[in-house]
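In: below are the sequence and a predicted model for it; my questions follow.
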Amino acid sequence: MDVLLLPRLAFKVVIILLQVLFLLYGLYAAYDIRLYPIKDFGYIIHEFDPWFNYRATEYLAEHGLYRFLHWFDYETWYPLGRPIGTTIYPGMQVTAVAIWEAMKKIGEFKVESPSFLLALRPLISYLKSTGWRWLPAIKQSYEFTPMSVNDICCMIPPWFGSYASLFTGLLAYEISRSVNAGVATTLIMAVIPAHLMRSVGGEFDNEAVAVTAICSTFWLWVLSVRTPKHWPVSFLAGLSYFYMVAAWGGYIFVINMIGLHAALLVGLGRFNSGVYKAYSIFYIVGTAGALQVPVVGMQPLRSVEQLGPLLVFLGFQVLAFCDWQRRRSSMGAFEFAIFRIKVMALLVGATVLVCAALYPTGYFGPISSRIRGLFVKHTKTGNPLVDSVAEHQPASPSMYASYLNLPLDYVLLGGLVSLWKRNNGFWLLCLYGFIAQHFSGKMSRLVLICGPVVSVACGIWVGFLVDQLVEPFLLLLGKKGYTAESEAPKTEKTEKTEKTEKSEKSDKNEKKGAKAKKAAKKSTTAVDIDWTLEEYEEDRRPGGANQILRLLQGYVYKAIPEENIATYREIRTMMDNNYTLILSRAAASVVLLLYVIYGSSLSVKVPTFLSHCDQVARSLSNPQVVFMSRDKRGNSFIVDDYLKGYQWIDENTPKDARVMAWWDYGYQITGIAKRTSIADGNTWNHEHIATLGRTLTSSEKKAHNAIRHLADYVLVWAGGGGDDLAKSPHLARIGNSVFPDHCGDDDPKCNKFSFYSDYSPTPMMARSLLYKLCQHRVSPGVRVNENLFKEVHTTKHGLMRIYQVMNVSEESREWAIGAAGGGKPKLSFFGHLALLARLLGRPRPVTGIRRARLSPWRFRRDLRRRGTWPRSTLRPRARTSPGRRRCGPSPGRRARCCGASATGATRARGAWWRRPSWWPRATARRTPPSSTWTSGRRASPGAPPPRRCCRSTRVSSPWRGIWRSDPGMRPSRPCTTTKQAELLCLMGSCLIERSLSELQRLEVMTLLRCRGAGCSLP
């Protein structure tokens, strides 16, 4: 019996216990460091976007998943509304509600702490006294009580912060195969600021859940390609990717990363049946799940930025077919290479033909503006709305130093250590690091995806050092060390001296690849090396990258003198088997460990890094609607002006009140104040936000002329700092991007709306409504006309001011909202845009603006689900029949329908529409009104001829130029029936023009047919 067996086992048990304790400590530290806002302010949602996510979660918990996916929200983007179910990534909301339901099922219970945990109290107290952070307070007992939806939403970021740290540690272990590296990575990921920036308590944002899904997907994918036998894990990787898709729009990064990694494995000669099965199953399961997410739809098969993984999937099928043909026909290396080239050329040709056939049909969607921004210099986008968002700016070196800090210094060392193994996970690490560095350099928000890869690389370096320090003690206790025979590659000369050993060697891998070996030997003339298959290899594949790399590596081995190789093996053997040298290594390990703890610069850098992480966590703990401040005496106090202001709106305004504010505050208006907002952080409609920006930065009287039709109250953030005045130049630029007459064509950047060097406003700013609302009775001589806007509430510290809009147009309100039970129909999407444009002036068409997220087919699908889309109108008739005229004489000349008043016969026919006094009227020449309506495709006997579109001079159409003609959508047909032409003329202009996109034409046609039937659009 081995005498050192028990000591060796005892030492290993101690090592394992320490690893488990540090792992648990890392998981708890990830949870505890994110609880600062909960401890200081209670369970309150942070920032702006999390308020929308919380409101959506409340709706899901109350109404269920089906109604949630079909939810059309009328309280946002007034008066347009927003289809929430088809424009949201619901993974986080579903997770929160699932936890809520599970807690209700479990119920309340109480657990007493075991005695061994209570015995750790003195140790924890001692560690806290020595400066250790984030240690748990062990209680006598723990009570479990179901939490509310609000509390769960606040706690999800800390919970998932621990899960993300665990999955990142598992990824580091899979790359390095070092448990110490995995534990070190978990500890680093738990506190690194790049991960904290979107995962503190109350930060109920998509990234809090998505980072966990990213790490789990990458870990499961790397595990599935570890060996050819691990491919079943890819099913779990596909499910993890499906959850990632449901949680965040950044899933495009994940699928392209894995697709690129799979293609790289092919280029490195590591393609085999295991990799083929792993990627095929992953792609099929993940894509099938992604197609079920409403906001994603068919994008994985149509979007340009997602076609790369699809092409890799098709290429894998071709490669698998070639391998099957090689084994069936026993092809040689050259023959197999030629065969594969022919098949791949056929695939490329077929792909080009299919793409050429589908491209004119508009099948492929354009690259989104955010994806384009990752490959161009962001400051040259020219979109002031995008440029006004701070997180869309490029990351600076100071930001990397703040959010990545100390671990960033050891990334290169960790990469060099991983280079020694060069397994499949190493190449994913390289790709991840390169892509994350590039994307975060374009958009500072994406620094958060650098957190996992920096933690992994630094953790691998730390784990390598720890392994080297522990290795001598394991050797002293009987661990088998390195021997020359264990890793020596067997060349031709070695084979001659070891014929006996080679004749006895017969493993399963060589049996499986016997034919491949035979073919490879025929084609190899310079160097023939009997390679031992790596864990990721299945056989020695001929005629491809694998054989080329073997040849190159053989030449490298041949170029190295055998004396050098023998000397290296001799030194390694002596270091691991000489007892004196092992003792020396053990002593050196102890000395080095003491030096690192007490004498090196790391003894200062590590505590400084932990203090920095703690400070960042505390700085991120302010929920923004509530934050901590200090008075002149240095005493801390809580400023809750924003929260109290929204609560005042909730308690003192009508339930149907409409509140106008800059789009930043839209989510908080609907989430806290529970009132209708004009715009919010979804920012899907540039023209709508531009209208809002122009209104707030216009003169007081001009702004009131528009606001009285849209809102009952106006809310502004004041008090200095990041208030609305600081943002106002962006508001003016955004408004000017759509309405160039706002600042003038000679001033596209709206420099005339700004501050002078002495912080005094320019004349244009001084006249603006926003300046007067913020500085009312604050700056000398600044007053708001109380006949237009009446101040009704100012918070304690003056950070929020609320004004009531006087002389609100009730006619506009009734027209937009409609009466319950069959009142006036609600104005359509484009009807409201026409109203806003008419009130504010004629805008100029804007290029480069992202269109609405609802694609035409999804828009039609949603209308069918709501029962307001007649299927007969899905495909307009191509021919012009009697009673059906074209709007305009020719495509090259503009023409609009003549206006016509609704006479008595018109009102008697349906009485469904009456022109409000404020509705924009067409200025074109009008034809005499007809006495009867012509219904159907043919005019009735005795009826007057169909009303034609007149060739008038330029008509000031409120529709012209609001939306640009989208080149990605088929131009609309200008055909319309006589009755519909009459209705269009009543609206003031012909809407069915060649400049309108398919989506616009479909909505207008739906509006006309629906109203003709006496119903109202939702």
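Out: That came through, no problem.
In: Leu301 - nearest residue in space that isn't next to it in sequence?
Out: The spatially closest residue to Leu301, leaving aside those adjacent along the chain, is Leu310, at 6.7 Å (CB to CB, 6 or more residues apart in numbering). (C-beta placed from N, C-alpha, C; glycine too.)
In: ok, now which ones touch that neighbour?
Out: Leu310 makes contacts with Tyr283, Pro300, Leu301, as judged by CB atoms under 8 Å, 6 or more residues apart in numbering.
In: looking at this, it is in a helix?
Out: Yes - using DSSP: H, G, I helix; E, B strand; the rest coil, the assignment for Leu310 is a helix.
In: any idea how far it lies from Val285?
Out: 15 Å (CB to CB, to the nearest Å).
In: measure Asp712 to Gly201 for me?
Out: Taking CB to CB, one finds Asp712 at 35 Å from Gly201.
In: ok, those two, which is more surrounded?
Out: Neighbour count, other CB atoms under 10 Å: between Asp712 and Gly201, Gly201 has more, with 31 against 20.
In: what's near enough to touch that one?
Out: Here Gly201 is in contact with Arg34, Leu35, Tyr36, Pro37, Ile38, Cys154, Met155, Pro157, Pro158, Ser621 (criterion: CB under 8 Å, 6+ apart).
In: tell me the SS of the fifth one?
Out: Applying three-state DSSP to Ile38 yields a three-state assignment of helix.
In: wait, doesn't it sit right on Gly202?
Out: Yes - counting by CB atoms under 8 Å, Ile38 does reach Gly202; the two are 6.9 Å apart.
In: ok so, going back, what about burial for the contacts of Leu310, which qualify?
Out: Tyr283, Pro300 (16 or more other CB atoms under 10 Å).
In: one step back: Ile38 and Gly202: who's more crowded?
Out: More neighbours surround Gly202 than the other of Ile38 and Gly202, with 33 against 19 (other CB under 10 Å).
In: and the more buried one, which of the three is it?
Out: coil.
In: SS state for the residue nearest to it when sequence neighbours are not counted?
Out: Using CB to CB, 6+ apart and skipping residues adjacent in sequence, the residue nearest Gly202 is His46, 4.2 Å away. Here His46 is coil, with the state taken from three-state DSSP.
In: shouldn't His46 be in contact with Pro37?
Out: Yes - under the criterion of CB under 8 Å, His46 makes contact with Pro37 at 7.0 Å.
In: any weak-confidence spans in the stretch 401-550 of the chain?
Out: By pLDDT under 70, the weakly predicted segments of the stretch 401-550 of the chain are 484-531, 543.
In: tell me the SS of Pro360?
Out: Relying on three-state DSSP, one would call Pro360 helix.
In: re earlier: distance of the residue nearest to Gly202 relative to Arg34?
Out: Using CB to CB, His46 is found at 11 Å from Arg34.
In: Phe434 now?
Out: Taken as CB to CB, the spacing of Phe434 relative to Arg34 amounts to 29 Å.
In: and the two? Which one has more around it.
Out: Comparing Phe434 with Arg34 by other CB under 10 Å, the one with more neighbours is Arg34, at 30 against 11.
In: which residue, other than its chain neighbours, is closest to that one?
Out: Excluding the flanking residues, the one nearest Arg34 by CB to CB, 6+ apart is Pro158, at 4.0 Å.
In: so what's that neighbour up against?
Out: Contacts of Pro158 (CB under 8 Å, 6+ apart): Ala30, Tyr31, Asp32, Arg34, Leu35, Ile38, Ser199, Val200, Gly201.
In: before we move on, what about Gly315?
Out: If you count contacts by CB under 8 Å, 6+ apart, then Gly315 has Ala263, Val266, Met344, Leu347 around it.
In: which among these gets closest to Arg708?
Out: Using CB to CB, Ala263 is the member of those that sits closest to Arg708, with 59.0 Å.
In: picking up where we left off before, which of the contacts of Gly315 fall in strands?
Out: Using DSSP state E, no member of the contacts of Gly315 sits in strands.
In: and the residues you listed, which are buried?
Out: Buried, going by 16+ other CB under 10 Å: Ala263, Val266, Leu347, out of those.
In: can I get the residues you listed in TSV with distance to Pro228 and pLDDT?
Out: Output for these, formatted as TSV (distance: CB to CB, whole Å; pLDDT from 0 to 100):
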residue	distance to Pro228	pLDDT
Ala263	18	94
Val266	15	91
Leu347	24	88
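In: tell me which of the residues you listed fall in helices.
Out: When DSSP state H is applied, the buried ones among the contacts of Gly315 are split such that Ala263, Val266, Leu347 fall in helices.
In: who are the contact partners of the closest residue in space to the first one that isn't next to it in sequence?
Out: Nearest non-adjacent residue to Ala263, counting by CB to CB, 6+ apart: Val312, 5.1 Å away. Listed by CB under 8 Å, 6+ apart, the contact partners of Val312 are Gly259, Leu260, Ala262, Ala263, Tyr279.
In: try 7 Å
Out: By CB atoms under 7 Å, 6 or more residues apart in numbering, the contact list for Val312 reads Gly259, Ala262, Ala263.
In: what is the nearest of the residues you listed to Thr532?
Out: Checking these one by one against Thr532 (CB to CB), the nearest turns out to be Ala262, at 24.9 Å.
In: how about the CA coordinates for the host helix or strand of Tyr557, as CSV?
Out: Per DSSP states H and E: Tyr557 is located in helix 545-559. Coordinates of each C-alpha in helix 545-559 appear next as CSV, following Å, rounded to 0.1, in the frame of the first residue of the first chain:
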residue,chain,number,x,y,z
ALA,A,545,-6.7,21.5,-44.0
ASN,A,546,-6.0,18.8,-41.4
GLN,A,547,-3.5,17.0,-43.6
ILE,A,548,-1.9,20.3,-44.6
LEU,A,549,-1.4,21.3,-41.0
ARG,A,550,0.1,17.9,-40.2
LEU,A,551,2.6,18.3,-43.0
LEU,A,552,3.6,21.8,-41.8
GLN,A,553,3.9,20.6,-38.2
GLY,A,554,6.0,17.7,-39.4
TYR,A,555,8.4,20.0,-41.1
VAL,A,556,8.6,22.1,-38.0
TYR,A,557,9.5,19.0,-35.9
LYS,A,558,12.0,18.0,-38.5
ALA,A,559,13.7,21.4,-38.4
